[in-house]
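> structure of the sequence below:
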Amino acid sequence: MKLIAKNRKAFHNYEILEKVETGIELKGSEVKSIRAGKINLADSYATCSGGEIVIHHLHISPYEQGTMFAPDPYRKRKLLLHKKQIYHLCGEVDRKHLTLVPLTIYFAKQWVKMEIGLCRGRKKFDKREKIAEQESKKRIAALMKSKKY
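Below you'll find the predicted structure:
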């Protein structure tokens, strides 16, 4: 597995309840562009519509050595999931008012895979609490390292 991109902002802004591995419907030149690392996950999200899950605002730069028929960098891309997974995720989003957010993109063998998260937005006080918890863990780890327990 080769990690290509990670949505670090999503880990800060959302509480991740469930993770699912999916495939993405891509054009040939988009795969080449992803191999070059020209992809941006920031501000992207997924929606359920018509029995499909579609990802919006996923930016894949046009391949530099491609033809003039390069696809739109912000086009909607269909996620490849089983029907049972689609019904489950769409049901959770509708019932509990959750959000589908792409977390990572990676290569599994030759296939481009995406990990999406079923997420709940964090409030400002939740974010502060998380930061305080991380800082206290860092201080404890530094103390343990300096005293060599």
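
> so how far is the helix or strand hosting Leu100 off the chain centroid?
When elements are assigned from DSSP states H and E, Leu100 belongs to strand 99-108. Going by C-alpha atoms, centre = their mean, to the nearest Å, the spacing between the C-alpha centre of strand 99-108 and its chain's C-alpha centre is 3 Å.

> got a pLDDT number for the nearest residue to Gly66 once chain neighbours are set aside?
Excluding the flanking residues, the one nearest Gly66 by C-beta to C-beta, 6 or more residues apart in numbering is Ser29, at 4.1 Å. C-beta here means a position set from N, CA and C on the backbone, and glycine is covered the same way. At Ser29, the predicted lDDT confidence score is 88.

> I figured Ser29 hits Ile60, correct?
No. Ser29 lies out of contact with Ile60 (C-beta atoms under 8 Å); the separation is 9.1 Å.

> for those two, indicate the residue with more neighbours.
Set side by side, Ser29 and Ile60 give different neighbour counts by other C-beta atoms under 10 Å, the larger being at Ile60 (24 against 18).

> quick check: phi and psi at that one.
Backbone torsions of Ile60, given as degrees, to the nearest 10, read phi -120, psi 120.

> for the chain, just list every one of the strands.
For the chain, applying DSSP state E gives strands covering 2-6, 14-24, 39-40, 45-49, 52-56, 59-60, 77-80, 99-108, 111-121.

> now the fourth one: average pLDDT?
Strand 45-49 comes out with an average pLDDT of 93.
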